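K.L.:
The following comprises the amino acid sequence and a computationally predicted model.
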Amino acid sequence: MNRRVVVTGIGCVTPLGNDVKTTWENLCQCKSGMGPITHFDASNFPTTFAAEVKDYDLSKHYDDPSRFEHAGRNIQFAIGAAQQAMADSAILDSKLPPEKIGVYLGAGEGQQNFPLFMSIIGHSYKNGEVDLHQFATEGRERLPSQEEIEQEPNMTAGHLASLFDLQGPNFNCLTACAASSQAIGEATEIIRRSEADAMLSGGAHSMIHPFGVTGFNLLTALSTNNEHPEKASRPFDKNRDGFVLGEGAGMLVLEELERAKSRGARIYGEIVGYGSSADAYRITDIQPEGRGAIACIKMAIEDAGVNPEQIGYVNAHGTSTKVNDRVETLAIKKTFAEAAKKTAVSSVKSSMGHLIGAAGSVEAITCLLAINEGILPPTLNYETPDPELDLDFIPNAPREKKVTHALSNSFGFGGQNISLVLAEYN
């Protein structure tokens, strides 16, 4: 029989705030995390704005920030969010053997040292081409030895294991926008199978750099509403024109129920359902009939042992792109049937942008807070209904409503689909 898995600690760093309390308050107050890009000069890019983390100071979370001077923003965000979650859970005070606590992340790359990198390219540029020999030679001389290894996606999980002496299973998945939701689902399975008693799980990502913005612009995935960044992310609205790139981290401490109860831990809720599927379609496009999304939503609800009518809130992937929002709406309608139009749905990406690999973990935390606080966060900038998208999208203001179960969807480039069902613990 599978063991029950609960959440005993949460932490986040987002464009709305550098901790859970600030993020949640700003989310419920309908504030926007969008603004002009400050990490680099984006004035000549088709998109000149993003949802950046503001005023982040690693020294507030870790007493020796120089240890991570070569680490990307993703790793620094992860440390801040993990410190919050671990302290919140007090799991390290529980005398649980370190080999019984693991790490499972969905963490991607961080902001690299682009000024130095571009300087080296400039010095190596001759007669219209980059002299690769000179580039390699100067790179060896000027790039710090730690710079390259810190860009490896698994380094974040390695750092967190080292910081907290977590000697159990250690994994990182990089399945684009579905990554941290997948990490939470897989970490849940590890505890269910008794391979660990607790897991630090979530994600961290920062793609607000020239290569990241260029790539998404080439895919025509980003909004280009440069005059009104705060209005740019408008999930499910008829005039949506793309997502807003964000950055940040979300971390959860998952724990086997009986152990959590035995130490008197605070329980935010329970991970009761996990569904995973692949579109097996085009790499950059969601399957137009929603077959992958439908499959993973159904799987998560069946795993949870509930009916769609019991899901009181859906935290949608809701990217604000034309096709994704249409297909996700279709998938919800097909899986929820008659219950679909009675179910509240919203996308917090309208407030904090799309955190890519970190999005699912922050949105799972949002679901837990919605369940605990009896407040459902809104979809901002929903002004002109799209006739094809006819669900209850909680437009422009939070809603007081008690729910016991929430569904969180994450759909990634490459066709990866993840759904989680989170429930009130009782």
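P.N.:
On my side now, so go ahead.
K.L.:
from memory Ala406 sits against Gly312, does it?
P.N.:
Yes - contact status for Ala406 versus Gly312: in contact at 6.8 Å, counting by CB atoms under 8 Å. No exception for glycine: its C-beta is placed from N, CA and C like everyone else's.
K.L.:
Counting neighbours, go ahead and name the busier of those two.
P.N.:
Ala406 (26 against 19; other CB atoms under 10 Å).
K.L.:
Which pLDDT value goes with the more buried one?
P.N.:
Note for Ala406: predicted pLDDT of 98.
K.L.:
just checking, what packs against the host helix or strand of it?
P.N.:
Following DSSP states H and E, one finds Ala406 within strand 405-412. Packing partners of strand 405-412 (3 or more CB pairs under 8 Å, 6 or more residues apart in numbering; DSSP states H and E): helix 179-192, helix 291-304, strand 313-315, helix 322-336, helix 359-373, strand 416-423.
K.L.:
With just CA atoms, put it into PDB.
P.N.:
Output of strand 405-412 as PDB, limited to C-alpha atoms (Å, rounded to 0.1, in the frame of the first residue of the first chain):
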ATOM      1  CA  HIS A 405      -8.900  19.800  -3.700                       C
ATOM      2  CA  ALA A 406      -6.900  21.700  -6.300                       C
ATOM      3  CA  LEU A 407      -5.500  20.600  -9.700                       C
ATOM      4  CA  SER A 408      -2.200  22.200 -11.000                       C
ATOM      5  CA  ASN A 409      -1.400  21.800 -14.700                       C
ATOM      6  CA  SER A 410       2.100  22.200 -16.300                       C
ATOM      7  CA  PHE A 411       2.700  21.600 -20.000                       C
ATOM      8  CA  GLY A 412       6.200  21.900 -21.400                       C
END
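K.L.:
partners of that strand, with directions?
P.N.:
Using DSSP bridges, strand 405-412 pairs in its sheet with strand 313-315 (parallel), strand 416-423 (antiparallel).
K.L.:
JSON lines please, covering the ones you listed and showing mean pLDDT, distance to Asn225 and mean neighbour count.
P.N.:
Output for those, formatted as JSON lines (pLDDT from 0 to 100; distance: least, CB to CB, whole Å; neighbours: other CB atoms under 10 Å):
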{"stretch": "strand 313-315", "mean pLDDT": "98", "distance to Asn225": "24", "mean neighbour count": "28"}
{"stretch": "strand 416-423", "mean pLDDT": "98", "distance to Asn225": "28", "mean neighbour count": "28"}
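K.L.:
Nearest to Leu257, out of these?
P.N.:
Leu257 lies closest to strand 416-423 among these, at 11.9 Å (CB to CB).
K.L.:
Return the residues in contact with the residue nearest the centre of the chain.
P.N.:
Central residue of the chain (CA atoms, centre = their mean): Ala359, 1.7 Å from the mean position. By CB atoms under 8 Å, 6 or more residues apart in numbering, Ala359 lies in contact with Cys177, Ser180, Ser181, Gly203, Gly246, Lys349, Ser410.
K.L.:
just those now: which is nearest Asp386?
P.N.:
For those, the residue nearest Asp386 by CB to CB is Lys349; the value is 16.4 Å.
K.L.:
pretty sure Pro378 contacts Ile394?
P.N.:
Yes - applying CB under 8 Å, one finds Pro378 in contact with Ile394, separated by 4.9 Å.
K.L.:
shared neighbours, these two?
P.N.:
Between them, Pro378 and Ile394 share these contacting residues under CB under 8 Å, 6+ apart: Ser346.
K.L.:
Show me which positions of the helix ranked longest in the chain end up buried.
P.N.:
In the chain, taking DSSP state H as the definition, the longest helix is helix 73-89. For helix 73-89, burial by neighbour count (16 or more other CB atoms under 10 Å) applies to 73-86, 88-89.
K.L.:
Okay, angle between it and helix 359-373 too, please.
P.N.:
30 degrees (axes from the mean of the first three to the mean of the last three CA atoms, to 10 degrees).
K.L.:
pLDDT averaged over helix 73-89 - what is it?
P.N.:
Mean per-residue pLDDT for helix 73-89: 96.
K.L.:
I'd like the next helix or strand past it.
P.N.:
Trace forward from helix 73-89 with DSSP H and E and the next one is strand 101-105.
K.L.:
Just the residues contacting that next one, thanks.
P.N.:
78, 91, 156-157, 160-161, 164, 166-173, 179-180, 183-184, 186-187, 190, 195-204.
K.L.:
just to revisit the earlier point, point out the one among the helices and strands packed on strand 405-412 that comes closest to Leu389.
P.N.:
Taking those one by one with CB to CB, helix 322-336 is closest: 4.6 Å.
K.L.:
Pull the distance from the next helix or strand after the closest one to the chain's centre.
P.N.:
On the C-terminal side of helix 322-336, the nearest following helix or strand under DSSP H and E is strand 344-346. Distance, stretch centre to chain centre, for strand 344-346: 18 Å (CA atoms, centre = their mean, to the nearest Å).
K.L.:
For strand 344-346, name the packing helices and strands.
P.N.:
strand 313-315.
K.L.:
Quick one: residues contacting the closest residue to Lys333 other than its chain neighbours.
P.N.:
Nearest residue to Lys333, sequence neighbours excluded (CB to CB, 6 or more residues apart in numbering): Ala340, at 4.5 Å. Counting by CB under 8 Å, 6+ apart, Ala340 touches Pro308, Ile332, Lys333, Leu391.
K.L.:
And Ala340, how far from Lys95?
P.N.:
In this structure, Ala340 and Lys95 are 47 Å apart, going by CB to CB, to the nearest Å.
K.L.:
same thing with Asp325?
P.N.:
Counting by CB to CB, the gap from Asp325 to Lys95 is 48 Å.
K.L.:
Compare neighbour counts for the two and give me the winner.
P.N.:
A side-by-side neighbour count of Asp325 and Lys95, using other CB under 10 Å, places Asp325 first with 26 against 6.
K.L.:
residues contacting Gly273?
P.N.:
Met299, Ala300, Ile301, Glu302, Asp303, Ala304, Gly305, Val306, Leu407, Ser419, Leu420, Val421.
K.L.:
switch the cut-off to 6 Å
P.N.:
Counting by CB atoms under 6 Å, 6 or more residues apart in numbering, Gly273 makes contact with Ala300, Asp303, Ala304, Val421.
K.L.:
just to confirm, which helix or strand has it in it?
P.N.:
Using DSSP H and E, Gly273 falls in strand 269-278.
K.L.:
Can you give the distance of that strand from its chain's centre?
P.N.:
Its chain's C-alpha centre and that of strand 269-278 lie 15 Å apart, by CA atoms, centre = their mean.
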